[in-house]
Structure formats: C-alpha cells, structure tokens
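S.K.: fold the following for me, if possible:
(2 chains)
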Amino acid sequence: MKGKQSLAKSGYKSRDNIAGYVMLFPWLFGFILMWFLPMIISIYYSFTNFNLLNEAQFIGFQNYIRVFTTDDTFWQAIKVTFIYVIFLVPLRLAFALFVAMLLNTKHKGLGLYRTIYYIPSIIGGSIAVSIVWRQIFGKQGVVMSLLSVFGIEQKVSLLGNTDTALAVIILMGVWQFGSSMLIFLAALKQIPHSLYESAVVDGAKPWEIFTKITLPMLTPTIFFNLILQLVNGFRVFTESYVITDGGPLDSTLTYVLYLYRRAFNFFDMGYSCALAWVLVIIIAAFTVILFKTQNNWVHYESGGDE
Amino acid sequence: MVGVKEKKKLGSVLFHLFSCAIGFLMIYPLLWLFASSMKSNETMFKDAYSLIPEVFDMSTNYLSAWKGVGGVSFLTFLGNTVFVTVTGMAGCVVVSLFAAYAFTRIKFRGSQFWFACVMITMMIPSQVMVVPQYIILKKMNLIDTRIALTLPWFFGTAFFIFMLVQFFRGIPKELDEAAEIDGCGRISILFRILVPVVKPALVTASIFAFYWIWQDFFQPLIFMNTPSKYTLSLALNMFLDPNAYNNYGGLFAMSVLSLLPTLIFFIIFQRYLVDGIAMDGIKG
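M.R.: Predicted coordinates:
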C-alpha cells in the first residue's frame, strides 16, 4: 500500500507529460489566446483611456473611480440587473421545481409535456424569440389587442411603461424554465422511495413530506441550479437589446447592454474593460457568498465521496 | 371502492387539463409566430392575439423573407450560418474530447491546475471577454471574417470538457489497459474504445454546440460589419430596423425559417438532450 502511494505521488512519466500536453494543446492554445491574453489586456486597458482611435494612456484608477462616483447610468444598469436576477432566479427555479414535481407522477403523456416545456429553453436565446416577445407585448401586440377585447383601452403597452417593461423581460426568462426543470426531474427520481413510504406510514401530511423530505433532498440540486442561473442572469443581453433596446428611460438597461454600448457605441474601450471587471467581481462575490452559506442549508448525503 | 377509482380518474383529468394549459402557454409564442408569418401585412395587427389568419398571405411573406434583407439573399445568410455552425461545432466537440481525455486518462504535470482553469472559464461570462477579444481579433485582421465567428468555438468549451470528463470517469480504466496490452496506442484507444462508449455525450455536446452557435447573437453583432457575411441572427436584427423596413410578415417568416433547423434538430435528437441535461445540468 505504502509503496503504491509514494509512486503515485512522485511519478510523472515524461512520456505521459508529453502526451498530456499534446492532447491538451488545442484547448490550451485557445485558453491562452481567447481567455488568458484577453484577461491581461483587459486588466491593462481598464487602467487606460483607450478608445480605439488614440494610443492608450495610463490613467490609474480613474475609470474605476468614475464607475462608482460619477456614472449614474452604471447605477441604473446595476439596479436593473439586480432586480432582474433577484426576481428571475427564484421565480424560474420555483416554477421549474413545481412543474418537475407535477411531471414526477404516474400519468400518460409525461414525455410529451416534458418536451413541450423544454422547447422555450432551447430556442429562448435566439433573436427570433425576442422579436416575438417584442411583438406580443408591444404596442400593436397580443396583450394590447386582448385587453381591448375586454374593453380595456390603454395608451401605453407593457413594454412602453417604465414600471412594467422589465417585468416582461423577467417573464420571458421564467418562461425558459425547461432546463432547470429537467435537472430537478432527474434529482427527484433519485430520492429513495422508502423515505416517502415511511413518512406516509408515520402519518405525515403532503406539505410536511415536501418540506421535510423532498426539499432537503433537493438542496444540492437547488444550490447547483442557483449558481448556474445566477451567472446566466448577469449576462442577459439579447432580450433587452432586441425587445426594448434598454428603454423606456433605461428601465431595462442591463449591465451587459450598458457595457456593450460603452464599448461599441462610444468606443470607450478602457472604461468598458473596467465595467467588465466590476461585473466579474460582483458575480464572484455572489458565488462566494452562496458557497459560504452552503453549510447552513445544503444537505449532502454523508459518505458519498471518497 | 368505486369512489377511489373515480377520484383517481378525476385527478388524472385535472392533471392533463392543467398540463395542457401550461403547455399551451409555453408554445403560444411559437404558434403565434407561425400564424403571424402567414397573415397579410394589412391584417397583421387586427386581433393580434388570433392564431388563425384572417387573410392568408403566406407566399408574399415567405417570398420576401427568401429575398432576404439589405440586398443580401436569405440563402447567403443561411450559408454563412451553416458554415459557422458546422465548423464551430466540429472544432468545439473534438477539442473538448481531446482535453477531457487528457484530464482523465493521462497523468501529466499541471493537469489539475489546467482543469481548475477550465472551471474558472465556466464561471466568467464570455461577454466580459468580448472587448479584449475584439481588440485581439482586430490586431490579427480577423474582424469581419467568418474566422472570427468560428475561432472562439474552436478551443472547446468548459461545459463540454466538464461533461465529457464526467463520462470518462465512469468508464473503467481496465478497458484502456486491455487495449494497451493488445498494442493499441493512445489515439486508437480514444477513438476505438472510448469514443463509442461516450457517443451519447458527444451527440449531446454536438446538439448544444449546434444551437448555441446557430443562435449566437452577441459575438456576430460585435465581430461583423458586412451584411453579405452576416449570420441569420444578424440578418433578423437588420430586418428589425423600423426605419428601413415595415414588413412584419417578412420579418416573421424569416424568424420562422431561422428557428426551423433548431426545432427539427431538437425533435430528432431530443432524447439525447433530455438525458444529457439530466446528467450534469448543462445550461439550456
């Protein structure tokens, strides 16, 4: 036993080293060209006033200071994005869990329902779907025409109203609950039946079974989904670009849309690099906080990993 | 006893009613798009919610979609999209396969460090990297070329590497060792022994790559300027400009055409997708 361990620790065969790097090379090359190098460049430019036309000049922390002190639009974009994420993620997960539990029953045609519920997740990111949402909730759209059927005439559509435009975009995100639903469905199927059976024998009510068995058993999956959806939520772009173009009055201006405008409408490259790093730090902070709270609510089966 | 049976039947009816109602809401936007692509421009917004066109004008809409936008035909956009998708997809999957093989089957110095790097790239949104990527591609004179659209995909993605690593870990190493004794090299072990076993994962990865690249909008929007090199996403975006075109029928028809390949792909391969996502929860 001991001999085996020490060999495993010390030994990298040079043949294996070469083979490993040959196999890894394409990814490594791409990682360096498309990730590592851009990261370094981006950090550097975030301390300059680079704007594609002039040579970059080093300006210290000025971009970062400007982000936090004088840029009102930044705070608007932060507000919009936080509202988006804070509403979208719980709503989407709750809906996904609800539908997954609905489909985790014994009925006919479950496969068909599962497929149909999953379709929006497949195509949701496409610009065509954003166009559809724009038309449905827009001025001459479905919602307006339905309202007028019921005799409610309104001047402003849901998308034209600063109070409701973001809600429409959140709704579009909730609509794409399919992939979270599939993950929940798989997790639900793995909860041992014996747990439920003994709970029923003990006379537990459905709600108790849900909160005492189903939910705790699902916490690892919920945690995983939460991290995944959080990162996704912060990158929302196409929806607000196509459906509302950030409007009305910046009420749907998401962070990435603002970053895009700074970079490619104003050519404020240095500044937008600083914005990008602020976003990375925000996402990292959320992730770290979630991981820190993990011990308090995520229930892992003991003795699983070796 | 009869009461119990009837109760069960009622429950089942309620279940299906409810599920169908959700299902209808889920696909209503799609049905609406398809219906609207057949409505004539004059009746488009009369009872906009209706799924049955009052006046059918399918041919006008689809012909105008076929003609394209900005002087570029639909076929050109389609060709660009197919080229970018197919090359990007192939590169992405093959490179991820090699990387996953290296991480699970070869003991080499630094493998754990590089795997950590893979995981980090998964957590950072690609949108953050797009400005420096743009600058690099500009320096390489690749902006406004199809290469700029395929290159980023050509290095694999963290999601696929992660997924394939999970799959490889589930395959007993004895399989490799037996093949090695039989005189197989690494490459032939990978392609003859392992690839057939992880085929479902490869199919899943290919489908995901297909629809990520097919629908990608952010990168083309930034990297491309010439309409004749645009993908379908950009063509639709161009069509959207209300000052230039007021042809909603054509816009909807082109939207339908751009979604059709994704939907067909999905229907053919949905089993793989559903299983794949259940396995490791790839982003959808």
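S.K.: distance of the residue nearest to residue B:130 when sequence neighbours are not counted relative to residue A:241?
M.R.: Beyond its immediate neighbours in the sequence, the residue positioned closest to residue B:130 (C-beta to C-beta, 6 or more residues apart in numbering or on different chains) is residue B:222, lying 5.9 Å away. Quick note: C-beta positions are derived from backbone N, CA and C, even for glycine. According to C-beta to C-beta, to the nearest Å, residue B:222 and residue A:241 sit 12 Å apart.
S.K.: over to residue B:138?
M.R.: Distance from residue B:138 to residue A:241, by C-beta to C-beta: 22 Å.
S.K.: cool, residue B:127 as well?
M.R.: From residue B:127 to residue A:241 the distance is 12 Å (C-beta to C-beta).
S.K.: what's the neighbour count on the closest residue to chain B within chain A?
M.R.: Chain B sits closest to residue A:30 of chain A, with a gap of 1.9 Å, by C-beta to the nearest C-beta. Neighbour count for residue A:30, taken as other C-beta atoms under 10 Å in any protein chain shown: 23.
S.K.: quick one: it and residue B:96 touch, right?
M.R.: No - using C-beta atoms under 8 Å, residue A:30 is not in contact with residue B:96, being 10.5 Å away.
S.K.: overlap in contacts, those two.
M.R.: residue B:156 (C-beta atoms under 8 Å, 6 or more residues apart in numbering or on different chains).
S.K.: which residues sit in contact with residue B:156?
M.R.: So residue B:156 contacts A:26-27, A:30, B:91-93, B:95-96, B:98-99 (C-beta under 8 Å, 6+ apart).
S.K.: once you drop chain neighbours, what's closest to the closest residue to chain A within the stretch 151-284 of chain B?
M.R.: Chain A sits closest to residue B:155 of the stretch 151-284 of chain B, with a gap of 1.9 Å, by C-beta to the nearest C-beta. Distances taken as C-beta to C-beta, 6+ apart place residue A:30 nearest to residue B:155, at 1.9 Å, with adjacent residues excluded.
S.K.: which parts of the helix or strand containing that neighbour are buried?
M.R.: Residue A:30 is part of helix A:14-31, with elements assigned from DSSP states H and E. By 16 or more other C-beta atoms under 10 Å in any protein chain shown, the buried positions in helix A:14-31 come out as A:16-17, A:19-21, A:23-24, A:26-28, A:30-31.
S.K.: picking up where we left off before, overlap in contacts, residue B:222 and residue A:241.
M.R.: By C-beta under 8 Å, 6+ apart, the residues touching both residue B:222 and residue A:241 are residue A:260.
S.K.: tell me the buried residues in the longest helix along chain A?
M.R.: Longest helix of chain A, by residue count under DSSP state H: helix A:72-103. Across helix A:72-103, burial judged by 16+ other C-beta under 10 Å covers A:74, A:76-78, A:80-81, A:83-85, A:87-89, A:92-93, A:95-97, A:99-103.
S.K.: what's the answer for stretch B:221-241, then?
M.R.: Result for stretch B:221-241 [16+ other C-beta under 10 Å]: buried residues B:221-224, B:227, B:229-240.
S.K.: same check on stretch A:149-160?
M.R.: A:157-160.
S.K.: and residue B:121, how many neighbours?
M.R.: Residues near residue B:121, counting by other C-beta under 10 Å, number 22.
S.K.: surely it touches residue B:158?
M.R.: Yes - counting by C-beta under 8 Å, residue B:121 touches residue B:158, with 4.7 Å between them.
S.K.: helix or strand for the residue most central in space within chain A, which one?
M.R.: Nearest residue to the geometric centre of chain A (C-alpha atoms, centre = their mean): residue A:232, 1.9 Å. Mapping residue A:232 onto the secondary structure by DSSP H and E places it in helix A:215-234.
S.K.: who are the packing partners of that helix?
M.R.: helix A:72-103, helix A:178-189, helix A:269-297 (3 or more C-beta pairs under 8 Å, 6 or more residues apart in numbering or on different chains; DSSP states H and E).
S.K.: kindly recompute the last result at 6 Å.
M.R.: helix A:72-103, helix A:178-189 (3 or more C-beta pairs under 6 Å, 6 or more residues apart in numbering or on different chains; DSSP states H and E).
S.K.: once you drop chain neighbours, what's closest to the residue most central in space within chain B?
M.R.: Nearest to the geometric centre of chain B sits residue B:211, at 1.2 Å (C-alpha atoms, centre = their mean). Spatial nearest neighbour of residue B:211, excluding adjacent residues (C-beta to C-beta, 6+ apart): residue B:262 at 5.1 Å.
S.K.: pull the most distant pair out of the buried residues of helix A:14-31.
M.R.: The distance between the two most remote of the buried residues of helix A:14-31 (C-beta to C-beta) is 22.3 Å, for A:16 and A:30.
S.K.: where does the prediction get shaky in the chain?
M.R.: Chain wasn't specified; assuming chain A. Along chain A, the model assigns pLDDT under 70 to residues A:1-10, A:301-306.
S.K.: let's do chain B instead
M.R.: Checking chain B against pLDDT under 70 turns up B:1-2, B:242-245, B:274-284.
S.K.: switch the cut-off to 80
M.R.: Under the criterion pLDDT under 80, the flagged ranges of chain B are B:1-4, B:41-50, B:52-58, B:123-126, B:155-156, B:241-246, B:270-284.
S.K.: could you pull out the helices for it?
M.R.: Using DSSP H, helices in chain B cover B:2-36, B:58-67, B:74-105, B:111-123, B:126-139, B:146-150, B:158-169, B:173-181, B:186-188, B:195-197, B:199-215, B:218-223, B:232-240, B:248-280.
S.K.: which strands or helices does the fifth one pack on?
M.R.: Pointing back at helix B:126-139 there. Using 3+ C-beta pairs under 6 Å, 6+ apart: helix B:126-139 touches helix A:37-45, helix A:269-297.
S.K.: the first one too?
M.R.: Under the contact criterion of 3+ C-beta pairs under 6 Å, 6+ apart, the helices and strands touching helix B:2-36 comprise helix A:110-123, helix B:248-280.
S.K.: and the angle from the longest one to helix A:110-123?
M.R.: Same thing as helix B:248-280. 120 degrees (axes from the mean of the first three to the mean of the last three C-alpha atoms, to 10 degrees).
S.K.: next, the angle from helix B:248-280 to helix B:74-105.
M.R.: Using the same axes, to 10 degrees: helix B:248-280 against helix B:74-105 is 10 degrees.
S.K.: give me the distance between the residue nearest to the centre of chain A and residue A:126.
M.R.: From residue A:232 to residue A:126 the distance is 15 Å (C-beta to C-beta).
S.K.: ok, the closest residue to residue A:124 other than its chain neighbours - contacts?
M.R.: Spatial nearest neighbour of residue A:124, excluding adjacent residues (C-beta to C-beta, 6+ apart): residue A:176 at 3.9 Å. Contact partners of residue A:176, counting by C-beta atoms under 6 Å, 6 or more residues apart in numbering or on different chains, are A:120-121, A:124.
S.K.: how many neighbours does residue A:238 have?
M.R.: 24.
S.K.: surely it meets residue B:217?
M.R.: Yes - using C-beta atoms under 6 Å, residue A:238 is in contact with residue B:217, at 5.1 Å.
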